[in-house]
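A.B. asks: this one's sequence-less:
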């Protein structure tokens, strides 16, 4: 195989991964169906806000916001292959590790992409840096905020998600933001600009 053939193959493998990630824009977060949410957010919508929240928490906690956002952005990319398994479902299923899924997803990708993704997912799954703590808190805080929004829309069965997310927050910043969000409406942010 020539060097050009290898480059073309790596480009196709990497582009294939990017096309696969488009599924996250269509795949719904299935745990919300248990709560009675008829049209839950997509995995991509969740991951976007996790990355944004992670960067905010990192700024508040003195961590690297870009690295934290990157961890949050990649944290659910494996769900194109294994789906969004709700916590109750994990009791009955044994899915491959996120690291194994990522390896398969990127097996034909450019080597630098494969290696970079491997490091990001491994860090999110097993790291203990402040960035990892902020990324995990961002995942839980996003779930809590989403539950607040669904509750406001009339879905009363979301308190379990609020309580479990709140209990898992580790940073003082995430806890403070959660408490603030619990006392607000989803459109209260507009009041800042209407004064």
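C.D. replies: Done, it's in. Fair warning: this is a prediction, and the values are worked out from it, not measured in the lab.
A.B. asks: Tell me how far residue 122 lies from residue 97.
C.D. replies: Distance of residue 122 to residue 97, computed by C-beta to C-beta, to the nearest Å: 10 Å. Bear in mind the C-beta positions are built from the backbone N, C-alpha and C, glycine included.
A.B. asks: Secondary structure element holding the most centrally placed residue in the chain?
C.D. replies: The chain has residue 47 as the residue nearest its centroid, 3.6 Å off, counting by C-alpha atoms, centre = their mean. Residue 47 belongs to helix 43-61 when assigned by DSSP states H and E.
A.B. asks: Which other helices and strands does that helix contact?
C.D. replies: helix 65-74, helix 130-152, helix 172-182 (3 or more C-beta pairs under 8 Å, 6 or more residues apart in numbering; DSSP states H and E).
A.B. asks: Any idea how far the longest one is from the middle of the chain?
C.D. replies: When distances are taken as C-alpha atoms, centre = their mean, to the nearest Å, helix 130-152 is centred 9 Å away from the chain's centroid.
A.B. asks: picking up where we left off before, nearest to residue 59, out of the helices and strands packed on helix 43-61?
C.D. replies: Distance to residue 59, taken as C-beta to C-beta, is lowest for helix 65-74 among the helices and strands packed on helix 43-61, at 5.1 Å.
A.B. asks: same question for that closest one, mean pLDDT?
C.D. replies: For helix 65-74, mean pLDDT rounds to 98.
A.B. asks: Sort out which residues of that helix are buried, please.
C.D. replies: For helix 65-74, a neighbour-count test (16 or more other C-beta atoms under 10 Å) marks 65, 67, 68, 69, 70, 71, 72, 73, 74 as buried.
A.B. asks: Lovely, talk soon.
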